[in-house]
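Chemist: any chance you could fold what I've pasted below:
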Amino acid sequence: MKWLDKTHGLHFELVRHFLLRTFDSEMFSTANRSGGWVRVAISALSMVIPAGMLLTDPPYYHEAIDPTPANLRAVAIADQLAVLTLVFSITGIVALLAWQSLFPTRRDYLALAGLPVRSRDIFTARFTTVVVLAGALVLAMLPGFRPPHQYTVHVLGGPPAGIKALAHIASSGLGCLFVFFGIVALQGLMLNLLPARWFTRLSTWVQGVLMAVFFFGGLLSWAVVNWKQNMIARLPEFAAFVPPIWFGGLHETIVGNRDPFFAAMTTRAAAATAGAILLAVVTYALAYTRYQALLLQAQDVVSRRRAPSWRWLRPLAGAGEAGARREAILEFLAQTLARSRTHRLIILGYFGAAVGLMLNSALVVGVGTRFAGGWPSLLHFICIYWPLEFSVIILAGFRHAFSLPADLPANWLFRLTESHGRAAWMSALERFMIACVIVPIHLVMLPIAASVLGLPVAVRMTVLELLVSLTMFEALFYSWQQLPFTCSYVPGKRTLVEVLGIWFAVLTIFVPFVAKIIASMSEWNELFFIFAIVFAMIWLWARRLRLEGWGEARLMFEDLSDTVPHLGTHEMSYHWLRHLDKPEQDGDLPVS
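Modeler: The predicted structure follows:
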């Protein structure tokens, strides 16, 4: 028997239990709850390994500069700040994904109630799990993200390689610890200071906002790498309170830069890291002393909340027996999104990613500073590109949220009545997405477009964008054969490389191309009517294709996919074994 298969004491077993379920949530089906996120980890590993190799010697192609020592030193500092920003963003996103596992919960106590386990054991094991997770995350970030400063290593010389490695380890490692334990401390403060009802409500919004911040930071790192000497010289003016600058200062101090600003940033980085860890420990200790009031004696928040009224959804349902079925499904969708923290977090995560991407696009292009028109040019850029890109991301977010089960064992109710209301159910989903997701996005952008482009052009542009968004809905839900929140979910059907490749193609090629066409065609009435007819015909054709299967085929309630992510090399490595899977033909000799 292997050592890990044996029992090694109460604390070890609790830590192992919590570690294996760090990222477990309602995102995974019950049958795959213990290993679903492992598939995602394998898929992420297939991308991180080659990405880490590239980032060991990143192909930074800076704009041409005068190769003076000051300019080259500024390039080296910008490289380090870009890498730190990216590393901190990844650390923050991982910590937010593990938000529900950073502190003991009421579910932990209920699950372990029948075992001889004390509250002190649960808190100690949970905090040990947090420390182990933080250490593993730091170790995972160190090897791949090491900027070699290809423009400065051979020209300026600099300190020995050992000092550079120490500077990288210290700045990246302590920075990751600051971000991770800062999120732990934030959750601890909210848990100890807020009532249970407010903590449940605000934690989801805090996660969504922080997800947007970290996603924006990760994208911003690709702009930081091109900072010039004048921008580096202005860091004390606008970036003295930005964490990557603190730890960038620590890096510069270790490699021998005696700038007083970097020395001050080094002190700030050390104080911030120590403060975050100390605050996390203190909030853990306070939570332990108050665990009965915080966890055990807290009443069910959902049961105390007054049920909101969803009467405004009734006009979407229509009349008759089919209308009653649609109304029931519309209220089911609205109530599930209102009550389920996991599904709200998924949608807020996509919303935050969309906001971060939109802000980064404006910043990278330099709309606010380089365009001669100033703010009008910035708003013109927003009106052209943002509605379609935002619509694509939010539609994908709702589709992802709909695929996650809310209470999987309770789907028997829909299974029993599926044959009577299947068509009405799917019709309710379509009406919900159009009325509550697609149309509001474009209505919000219409006043901004009208103030910048004029009302006639804004209306024409909005109509064309609305038709494209409807077509994208048809494409995303073409193969959808399940009622939202009622089917089990198996993640990792595609590798992360494939997913990111699709998103890259859609957001950087397809959407900008279509948005530019729409902006040009909206300037002329004749061309607008021609393209409006073409877009409407494409949408109606795509809708007809989708409706051919909606309401006719049986709905899915169990995702039985057994796809295993791989690196794409299995076909080359095991091509000679394919004949073993083929059935024997007449006259073939059996394989011995």
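Chemist: switch to C-alpha atoms for all contacts and neighbour counts from now on
Modeler: Fine.
Chemist: list the contacts of the residue positioned nearest the centre of the chain.
Modeler: By CA atoms, centre = their mean, the chain has its centre lying nearest to G349, at 5.2 Å. Applying CA atoms under 8 Å, 6 or more residues apart in numbering to G349 gives the contacts Q207, G208, M211, A212.
Chemist: what's the spacing between the helix or strand it falls within and its chain's center?
Modeler: G349 is part of helix 341-365 when elements are defined by DSSP states H and E. The chain centroid and the centroid of helix 341-365 are separated by 8 Å under CA atoms, centre = their mean, to the nearest Å.
Chemist: avg pLDDT for the longest helix along the chain?
Modeler: Ranked by residue count and defined by DSSP state H, the top helix of the chain is helix 161-193. Taken as a whole, helix 161-193 carries a mean pLDDT of 88.
Chemist: same check, this time on stretch 439-448
Modeler: Mean per-residue pLDDT for stretch 439-448: 90.
Chemist: for that stretch, which positions count as buried?
Modeler: V439, I441, H442, M445, L446, P447, I448 (16 or more other CA atoms under 10 Å).
Chemist: CA atoms only: put whichever helix or strand the third one is part of into CSV for me.
Modeler: Spelled out, that is H442. Using DSSP H and E, H442 sits in helix 439-453. Extracted in CSV, the C-alpha atoms of helix 439-453 (Å, rounded to 0.1, in the frame of the first residue of the first chain):
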residue,chain,number,x,y,z
VAL,A,439,-31.9,44.0,-25.8
PRO,A,440,-30.8,45.8,-22.6
ILE,A,441,-27.2,45.8,-23.7
HIS,A,442,-28.0,47.7,-26.9
LEU,A,443,-30.5,50.0,-25.2
VAL,A,444,-27.9,51.1,-22.7
MET,A,445,-25.5,52.0,-25.4
LEU,A,446,-28.1,53.8,-27.6
PRO,A,447,-28.1,57.1,-25.7
ILE,A,448,-24.2,57.2,-25.8
ALA,A,449,-24.2,56.5,-29.5
ALA,A,450,-26.9,59.1,-30.1
SER,A,451,-25.0,61.8,-28.3
VAL,A,452,-21.8,61.1,-30.3
LEU,A,453,-23.1,60.0,-33.7
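Chemist: which neighbouring elements make contact with that helix?
Modeler: The contact analysis (3 or more CA pairs under 8 Å, 6 or more residues apart in numbering; DSSP states H and E) places helix 439-453 against helix 375-403, helix 455-476.
Chemist: helix or strand right after the last one?
Modeler: Once the chain leaves helix 455-476, the next helix or strand it forms, by DSSP H and E, is helix 496-505.
Chemist: over to the first one?
Modeler: Tracing the chain past helix 375-403, the next element assigned as helix or strand by DSSP H and E is helix 412-433.
Chemist: other residues contacting that following helix?
Modeler: 316-317, 322-323, 325-327, 329-330, 483, 550-552, 555, 557.
Chemist: just the buried residues of those residues.
Modeler: 317, 322-323, 325-327, 329-330, 483, 550-551, 555, 557.
Chemist: before we move on, the earlier item: flag whichever of the contacts of helix 412-433 scores worst on pLDDT.
Modeler: Out of the contacts of helix 412-433, that is G551, at 62.
Chemist: for G587, report the pLDDT, please.
Modeler: 43.
Chemist: please read the previous query as pertaining to L210.
Modeler: Model confidence at L210, expressed as pLDDT, equals 88.
Chemist: list the contacts for it?
Modeler: L96.
Chemist: what about it, which helix or strand?
Modeler: helix 196-224.
Chemist: likewise G135?
Modeler: Using DSSP H and E, G135 falls in helix 119-144.
Chemist: helices or strands up against that helix?
Modeler: Packed next to helix 119-144, using 3+ CA pairs under 8 Å, 6+ apart, are helix 10-20, helix 36-56, helix 161-193, helix 260-289.
Chemist: now, of the ones you listed, which is deepest in the fold?
Modeler: Of all those, helix 161-193 has the most neighbours on average by mean count of other CA atoms under 10 Å, namely a mean of 21.
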